[in-house]
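Undergrad: Quick one, structure for this:
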Amino acid sequence: MRISKNLYSYYLIMPALLIYVLFFVLPTVVGLFYSFTDWRLDRESVHFNGWYNFHTIFSDETLLKALRNTIVFAIVTVIGKNLFGLVLAVALNMKLKTRNALRAIFYSPSILSIMVIGIVFTPMLRADGAINKLFEAVGLGSLTQAWLTNPAIVIFTIAVISIWQSAGFQMAIYLAGLQSISKEYYEAATIDGAGSWKSFRHITLPLLLPAININVMLTLIGGLKVFSEVFVLTGGGPGNASQVVGTIILRSFGEGSWGLGTAMNTLLFIVVTIISIPLLLYIRRKEVSE
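TA: Next up, the predicted model:
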């Protein structure tokens, strides 16, 4: 009887486990295998070619540029989304009459389709668009740029748009964390003579670490897997200036270079794993120590 009860709990997780293995583990293993092959549209058979695809990635300037852009985009968006999300959460956690309306306003961009955002921002960011006209109107004409056609800044422009869209979502998670902190901590700190900054540093931040952990992981993984923003706003251009790993994978599969595309996907998986797992463990240790 005891054995059947123990097995019953495993039966409950079997459907979810089967789906996970079928749609994640198995494709990952198959993809890992094909990343070491010459799998192409114009070949009838697939042959093992060792590290050739990975050597191509690290010797091709366009592919290296895509990898660098992906890492730069991830760093900028992780910092921007979490910083602005935290600032908004702290500001809108105060007793303001309009705080509910402001929360809705700042959260609303996160529910917009990236296609809508692309349609709205593309004309605004042209050389003669609304952003440059606004700078000129306020006497900051020296700041005008070709935001989506200047190779030096295009990836940062896309990152800023992504921050604008997603910071409200991070704000919501930080707000939930802030509202779970007991007011008694702040009352005790006030009695001890602690100011706003000391209370924030020694009470808010340590107790907010679980929310920080969630947001950092979400923004990091999302930043490294970036695709939609680049595809909609620039398509990887001008030239290859804003190519990221996601757009290169799409291009490789579109050209029939399936082995190379799979190798890029495998490399992205490795990069995400190497960066995210140590960071996750580090933040969790900080949660325990605090």
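Undergrad: Can you show me the helices along the stretch 151-290 of the chain?
TA: 154-179, 183-191, 196-199, 205-207, 209-224, 228-233, 245-254, 258-289 (DSSP state H, counting those that start in this stretch).
Undergrad: and of those helices, who's closest to T62?
TA: helix 245-254 (7.5 Å; Cβ to Cβ). C-beta here means a position set from N, CA and C on the backbone, and glycine is covered the same way.
Undergrad: Could you list the buried residues of the closest one?
TA: For helix 245-254, a neighbour-count test (16 or more other Cβ atoms under 10 Å) marks 245-253 as buried.
Undergrad: Can I get it in PDB, CA atoms only?
TA: The C-alpha trace of helix 245-254 is given here as PDB (Å, rounded to 0.1, in the frame of the first residue of the first chain):
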ATOM      1  CA  VAL A 245      22.600  35.600 -32.500                       C
ATOM      2  CA  GLY A 246      18.900  35.300 -33.000                       C
ATOM      3  CA  THR A 247      18.800  37.000 -36.400                       C
ATOM      4  CA  ILE A 248      21.900  35.100 -37.500                       C
ATOM      5  CA  ILE A 249      20.200  31.800 -36.600                       C
ATOM      6  CA  LEU A 250      17.200  32.900 -38.700                       C
ATOM      7  CA  ARG A 251      19.400  33.900 -41.600                       C
ATOM      8  CA  SER A 252      21.400  30.600 -41.400                       C
ATOM      9  CA  PHE A 253      18.300  28.500 -41.500                       C
ATOM     10  CA  GLY A 254      16.800  30.700 -44.300                       C
END
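Undergrad: so what's F227 closest to, chain neighbours aside?
TA: The shortest distance from F227 to any non-neighbouring residue, by Cβ to Cβ, 6 or more residues apart in numbering, is to G246 (3.1 Å).
Undergrad: Quick check: that neighbour touching V230?
TA: Yes: counting by Cβ atoms under 8 Å, G246 touches V230, with 7.1 Å between them.
Undergrad: From the contact counts, what lies against the strand or helix carrying V72?
TA: Assessed by DSSP states H and E, V72 sits inside helix 61-92. On a contact count with 3 or more Cβ pairs under 8 Å, 6 or more residues apart in numbering; DSSP states H and E, helix 61-92 meets helix 52-59, helix 99-107, helix 154-179, helix 209-224, helix 245-254, helix 258-289.
Undergrad: For F227, give me phi and psi.
TA: phi -150, psi -60 (degrees, to the nearest 10).
Undergrad: Now do it, the pLDDT please.
TA: Note for F227: predicted pLDDT of 93.
Undergrad: Please name the residues that touch D38.
TA: Contacts for D38 (Cβ atoms under 8 Å, 6 or more residues apart in numbering) come out as 46-47, 49, 52, 259.
Undergrad: any idea how far it lies from L268?
TA: Applying Cβ to Cβ, to the nearest Å, the value for D38 to L268 is 20 Å.
Undergrad: Would you agree I248 is in contact with L63?
TA: Yes: counting by Cβ under 8 Å, L63 is a contact partner of I248 at 6.1 Å.
Undergrad: so what sits against both of these two?
TA: By Cβ under 8 Å, 6+ apart, the residues touching both I248 and L63 are M264.
Undergrad: Chain neighbours aside, what residue packs nearest to V76?
TA: In space, V76 comes closest to A159 once its chain neighbours are excluded; the distance is 4.2 Å by Cβ to Cβ, 6+ apart.
Undergrad: Quickly note the distance from the one you found to A146.
TA: For A159 relative to A146 (Cβ to Cβ), the value is 17 Å.
Undergrad: Which one's more surrounded, those two?
TA: Neighbours were counted for A159 and for A146 using other Cβ atoms under 10 Å; A159 has more, 25 against 17.
Undergrad: Read off the pLDDT value for that one.
TA: 96.
Undergrad: Name the helix or strand of this protein that has the lowest mean pLDDT.
TA: helix 2-20 (a mean of 76; mean pLDDT, DSSP states H and E).
Undergrad: Can you give me the buried ones in the helix or strand just after that helix?
TA: Counting by DSSP H and E, the next helix or strand C-terminal to helix 2-20 is helix 26-34. Of all the residues in helix 26-34, those buried under the rule 16+ other Cβ under 10 Å are Y34.
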